[in-house]
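A.B. asks: just to be clear, the model below is a prediction. Sequence and coordinates:
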Amino acid sequence: MGGIRMPKGREKWITVATCLLAGWMSLGCESVDSQGPLTAPVSIGYLAPPKLAITNELTRVGIRSSHLSELDDKRLKEELTDTSVSGGPIFVQATDVPEGKYSAPLPQHYLNLHYYTDSQTHDYQVQQKACNSSTRDSCAGIDSFHVRCEKTSTIAVLDVSITKVKNSEDIFSRSYSERTEFDRCENDSDQSISKSRDAAFLAILSRLKEDMLPHQARLSASLIQFPSTLTEPYNTQFLRAFQLALRGQSVSACHVFIELYNELKQDFSLSYNAAVCFAVVGDLDATDAAYKIAESLANNTDKIHFIKKLSEKRHIIESARTQLNALQQSRTQAP
């Protein structure tokens with residue numbers, strides 16, 4: 001097992017205290033080898049393009065669904081026709097197009113959805129215990145008894161195809177499946193089947209949206225603490241911010257890192273953390289500026305390693321932004 005890097009002098013004890021106060025084993029203070037920095041996990045959210053390349057060809061799509069409950073059908077169409085995020089196909093209620101007639105406002109493709117589920121339930125028993133009589137502070141005796149329970153398993157399948165309106169040609173097909181399980185015991189509300197089916201449908205709907213529409217995606221990253229070059233009181237402020245990050249309060253930590261970075265830009269850990277934090281809040285231009293400063297201060301193998309990892313994440317986010325911009329432009333120009 002690796003240990004915590006021990007900087008010299010006063011910072012050594014502040015570093016150790018930071019980790020201990022954060023609750024090393026339970027709150028995310030990661031153990032690293034003797035040459036590495038302390039790290040605290042953070043998540044970067046960004047808007048990703050649709051996963052399916054076929055969506056690049058789609059502009060206006062009519063939804064045709066079958067075997068969905070009224071509630072599920074409404075939820076599906078609300079989710080797919082959400083216009084708050086641009087860059088994806090425009091999904092509309094399907095309108096039949098008479099043979100030989102076609103106009104631009106009508107759907108150019110159909111999204112055909114066929115949904116079906118199969119639920120099965122089996123019984124089992126669990127042993128429970130309860131006081132048969134009690135005083136104020138303790139049980140005088142304990143009874144053991146069995147309670148009947150049931151497990152409901154649901155398999156849901158959504159068959160998806162995309163068809164051209166003009167000639168009914170299928171250009172895409174895929175099946176999405178999901179299995180869910182719910183348990184219910186005596187005296188519980190009898191909703192296990194509906195809960196199981198609902199969870200399966202929502203899981204499939206989430207995957208369908210990721211394939212068809214721009215969606216929120218997340219990247220795992222780290223805030224770091226190498227031995228500091230900061231003077232006081234900035235060094236203490238940095239360490240306190242890092243303690244917040246170790247406690248899972250990354251938003252509060254990032255607020256401090258960005259404020260410090262706006263005053264001081266000569267420390268590697270601070271510039272690196274600011275670059276990560278700017279990515280967390282979605283300011284990619286500021287991310288690039290802070291990244292370049294951190295890159296210029298990466299004077300050993302460990303720091304270069306972190307720079308490379310951050311560079312990969314920058315590339316993923318920038319590539320997603322470029323793809324979305326291209327999609328938006330192509331659909332703006334589409335007839």
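C.D. replies: The structure has been received and is ready for your questions. Numbering: from 1, shown residues only.

A.B. asks: what about R218, how many neighbours?
C.D. replies: Using other CB atoms under 10 Å, R218 is surrounded by 10 other residues. C-beta here means a position set from N, CA and C on the backbone, and glycine is covered the same way.

A.B. asks: you'd agree it is in a strand?
C.D. replies: Yes: with DSSP: H, G, I helix; E, B strand; the rest coil as the criterion, R218 is part of a strand.

A.B. asks: across the sheet, point out what pairs with it.
C.D. replies: G45 (DSSP bridges).

A.B. asks: these two touch, right, it and V42?
C.D. replies: No: between R218 and V42 there is no contact under CB atoms under 8 Å: 10.3 Å.

A.B. asks: identify the residues contacting A274.
C.D. replies: F257, I258, L260, Y261, A286, A290 (CB atoms under 8 Å, 6 or more residues apart in numbering).

A.B. asks: just put the residues you listed in TSV and tack on secondary structure.
C.D. replies: Formatted as TSV, those follow (three-state DSSP):
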residue	secondary structure
F257	helix
I258	helix
L260	helix
Y261	helix
A286	helix
A290	helix
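
A.B. asks: what's the closest of the residues you listed to V157?
C.D. replies: A286 (45.3 Å; CB to CB).

A.B. asks: distance-wise, check the closest one relative to V276.
C.D. replies: To V276, A286 is 11 Å away according to CB to CB, to the nearest Å.

A.B. asks: looking at those two, which one has more neighbours?
C.D. replies: V276 (26 against 18).

A.B. asks: as TSV, the contacts of A274 with distance to I193 would be great.
C.D. replies: Output for those, formatted as TSV (distance: CB to CB, whole Å):
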residue	distance to I193
F257	49
I258	49
L260	54
Y261	54
A286	50
A290	52
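
A.B. asks: any idea how far H255 is from Q249?
C.D. replies: 10 Å.

A.B. asks: the nearest residue to F268 once chain neighbours are set aside: how many residues sit nearby?
C.D. replies: Counting by CB to CB, 6 or more residues apart in numbering, the nearest residue to F268 once its immediate chain neighbours are dropped is L297, at 4.1 Å. Using other CB under 10 Å, L297 has 19 other residues around it.

A.B. asks: over to S138?
C.D. replies: S138, neighbours per other CB under 10 Å, totals 7.

A.B. asks: now the nearest residue to N112 once chain neighbours are set aside: phi and psi?
C.D. replies: In space, and not counting its chain neighbours, N112 is closest to S161: 4.6 Å by CB to CB, 6+ apart. Note on S161: its backbone torsions stand at phi -140, psi 150 [degrees, to the nearest 10].

A.B. asks: so what's S161 bridging to?
C.D. replies: N112, S173.

A.B. asks: which residues are in contact with it?
C.D. replies: Contacts for S161 (CB under 8 Å, 6+ apart) come out as L111, N112, D170, F172, S173, R174.

A.B. asks: would you show me how to pick out the buried ones of these in ChimeraX?
C.D. replies: In ChimeraX syntax, the buried subset of those is picked out as below (16 or more other CB atoms under 10 Å):
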select :111,112,172
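
A.B. asks: quick check, nearest of the contacts of S161 to S119?
C.D. replies: R174 (23.0 Å).

A.B. asks: between all of the contacts of A274, which two are separated the most?
C.D. replies: L260 and A286 (13.9 Å).

A.B. asks: how is the chain divided into domains?
C.D. replies: Using automatic domain parsing, the domain parsing of the chain gives 10-48+218-333, 54-213.

A.B. asks: how about a markdown table for these, with mean pLDDT added?
C.D. replies: A markdown table is the format used below for the domains of the chain (pLDDT from 0 to 100):
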| stretch | mean pLDDT |
| --- | --- |
| domain 10-48+218-333 | 85 |
| domain 54-213 | 82 |
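
A.B. asks: winner for burial among those domains?
C.D. replies: domain 10-48+218-333 (a mean of 17; mean count of other CB atoms under 10 Å).

A.B. asks: which strands and helices sit next to the longest helix along the chain?
C.D. replies: For the chain, the helix with the greatest residue count under DSSP state H is helix 301-333. Contact partners of helix 301-333 among helices and strands, from 3 or more CB pairs under 8 Å, 6 or more residues apart in numbering; DSSP states H and E: strand 38-48, strand 215-225, helix 268-280, helix 284-296.
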